[in-house]
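Chemist: Need a 3D model of the sequence below.
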Amino acid sequence: MTTSPVRFGVIGFGAWGKCHAGAINKTEGAEVAAIAAKSEGTCSEARELYPSASVYSDYHQLLAQDDIEVVHVVIPSYLHFEVAKAVLESGKHLLLEKPMCLTIADCQALNQLAQEKNLLLAVGHELRLSSLWSRVKQEIDAGAIGEPQYALVELSRKPYRLGADGWRYDIDRVGNWILEEPIHFFDLARWYLSSAGKPTSLFATANSRQVGHPELQDNFSAIVNFEDGKYAVVSQSLSMFEHHQTAKVAGTEGSLWASWSGAMDRTRHPSFFLKASNGETVREIPIEKITGEIFELEDQVAMLLEAIRGGKPLATSAEDGMWSVAMCLAAQKSVESGQPVAMSDIL
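Modeler: You can find the predicted model right below:
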């Protein structure tokens, strides 16, 4: 028996929205059924690229299309709550790009609404689906390093793209810069140290290379404390070049080192490796499937199909999305105050 494809809607057709649509289009069992774009130019481009999809300039028209099962929301952060709420109220499953929202109250409201409607609410932390970064977690869970005690997740890259209308450089629309990319690394660090329980406190510092714009935090580092003295370091610099990410996890019986490099974050030709050590010998763990955020988007679509059709759990839940936002808000509060912040003050 042939199963009809899951019909997807995409709200937002900027650079990243186009990547989402492309990932849906490449995934067997998925179909781009409708696109909502902001301008006539992007609407025209959507019609040209996806001639079988309905294209709207008002996302409410997309939500009125009854044959759509799941919607990807890929728009500036300050619009997330308004649009995501409308998606769930329309009775459609939702993939919401990170950050989930700009406030904890909005995250909680969306989570409650999804539960009331019995709808899936996935948050776009696609690194959990990476053949590289997820293999780190698999090795930890398999006991390769004993009890994990310390994690480092670090990024050095060239500056962010401006975003449509320069929204990413407008702090009122971003919320804070920590919510833009370090949020991914907070999620990985919490995931890798999940055996340590929930984060208890956080201390962060940051600075900017742009005189007069301290809110645009080009260099950022944070220490996240867990119970029993376990901790993670999350660090990022946007004053570098290309795109280079590292994760290192040390445990009572060994350590792991994962690395990914590319000329840009969306390259299809990255270099990457994963090494493990028991303290005496070092082995390289083969990563046979190519990894990078454009490939993880395709994995994310496949994950949604399995959740919708097969009832499998989401890789990143609304609860995970809320925790990532909470750590970013705690980090921003710490940067501003110069003091550690208890997570109980945020959640």
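
Chemist: List the beta-bridge partners for Val233.
Modeler: Taking DSSP bridges, one obtains Leu152, Ile223 as the residues bridged to Val233.

Chemist: Tell me the pLDDT of the residue most central in space within the chain.
Modeler: Centre of the chain computed as the mean C-alpha position; nearest residue by C-alpha atoms, centre = their mean is His125, 2.6 Å away. For His125, the model assigns a pLDDT of 95.

Chemist: Quick check: it vs Asp170, distance?
Modeler: As judged by C-beta to C-beta, to the nearest Å, His125 and Asp170 stand 24 Å apart. (C-beta placed from N, C-alpha, C; glycine too.)

Chemist: Would you mind checking the average pLDDT for the helix or strand hosting Gly9?
Modeler: Assigned by DSSP states H and E, Gly9 belongs to strand 6-11. Mean per-residue pLDDT for strand 6-11: 98.

Chemist: ok, and for the helix or strand following it, which residues are buried?
Modeler: Using DSSP H and E, the helix or strand that follows strand 6-11 in sequence is helix 15-26. Buried residues in helix 15-26, counted by 16 or more other C-beta atoms under 10 Å: Trp16, Gly17, Lys18, Cys19, His20, Ala21, Gly22, Ala23, Ile24, Asn25.

Chemist: got the contact list for the worst-scoring helix or strand of the chain on mean pLDDT?
Modeler: One helix or strand of the chain scores below all others by mean pLDDT, DSSP states H and E: helix 171-174, with a mean of 83. Residues outside helix 171-174 that contact it (C-beta atoms under 8 Å, 6 or more residues apart in numbering): Pro76, Ser77, Tyr78, Trp167, Arg168, Trp177, Glu180, Glu215, Leu216.

Chemist: just the buried members of those?
Modeler: The neighbour-count test (16+ other C-beta under 10 Å) marks Pro76, Ser77, Trp167, Arg168, Trp177, Glu180, Glu215, Leu216 as buried among those.

Chemist: where along the stretch 51-200 of the chain do the strands fall?
Modeler: 54-56, 70-73, 93-97, 121-124, 148-157 (DSSP state E, counting those that start in this stretch).

Chemist: any idea of the mean pLDDT in stretch 101-118?
Modeler: Throughout stretch 101-118, pLDDT has a mean value of 98.

Chemist: Residues touching it, excluding its own?
Modeler: The contact list for stretch 101-118 (C-beta under 8 Å, 6+ apart) reads 77-78, 80-81, 84-85, 88-89, 91, 94, 96, 100, 120-121, 175, 179, 318-319, 321-322, 325-326, 329, 346-347.

Chemist: Can I get the buried part of these as one ChimeraX selection?
Modeler: With 16+ other C-beta under 10 Å as the criterion, this ChimeraX line picks the buried residues out of those:
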select :77,80,81,84,85,88,94,96,100,120,121,175,179,318,321,322,325,326,329,346,347
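
Chemist: all helices of this protein, in order?
Modeler: 15-26, 40-49, 59-63, 80-89, 104-117, 133-141, 171-174, 182-192, 293-310, 318-337 (DSSP state H).

Chemist: same for the first one, what does it pack against?
Modeler: Under the contact criterion of 3 or more C-beta pairs under 8 Å, 6 or more residues apart in numbering; DSSP states H and E, the helices and strands touching helix 15-26 comprise strand 6-11, strand 30-36, helix 40-49, strand 70-73, helix 293-310.

Chemist: 10 Å instead?
Modeler: Helices and strands touching helix 15-26, by 3 or more C-beta pairs under 10 Å, 6 or more residues apart in numbering; DSSP states H and E, are strand 6-11, strand 30-36, helix 40-49, strand 70-73, strand 93-97, helix 293-310.

Chemist: what's the answer for the second one, then?
Modeler: Of the remaining helices and strands, those touching helix 40-49 by 3+ C-beta pairs under 10 Å, 6+ apart are helix 15-26, strand 30-36, strand 54-56.

Chemist: Where does confidence bottom out across the buried ones among the contacts of helix 171-174?
Modeler: Comparing the buried ones among the contacts of helix 171-174 by pLDDT, Arg168 comes last, at 77.

Chemist: doesn't Pro76 make contact with that residue?
Modeler: Yes. The pair Arg168 and Pro76 passes the contact test of C-beta atoms under 10 Å, sitting 7.8 Å apart.

Chemist: between the helices and strands packed on helix 40-49, which one is nearest to Ala204?
Modeler: Of all those, helix 15-26 sits nearest to Ala204, with 25.8 Å by C-beta to C-beta.

Chemist: Excluding residues flanking it in the chain, which one is nearest Trp177?
Modeler: Spatial nearest neighbour of Trp177, excluding adjacent residues (C-beta to C-beta, 6 or more residues apart in numbering): Gln217 at 4.7 Å.

Chemist: quick one: that neighbour from Glu336, how far?
Modeler: Gln217 is 11 Å from Glu336, by C-beta to C-beta.

Chemist: Kindly report the same for Ala34.
Modeler: Ala34 is 41 Å from Glu336, by C-beta to C-beta.

Chemist: what about these two, which has more around it?
Modeler: Ala34 (24 against 14; other C-beta atoms under 10 Å).
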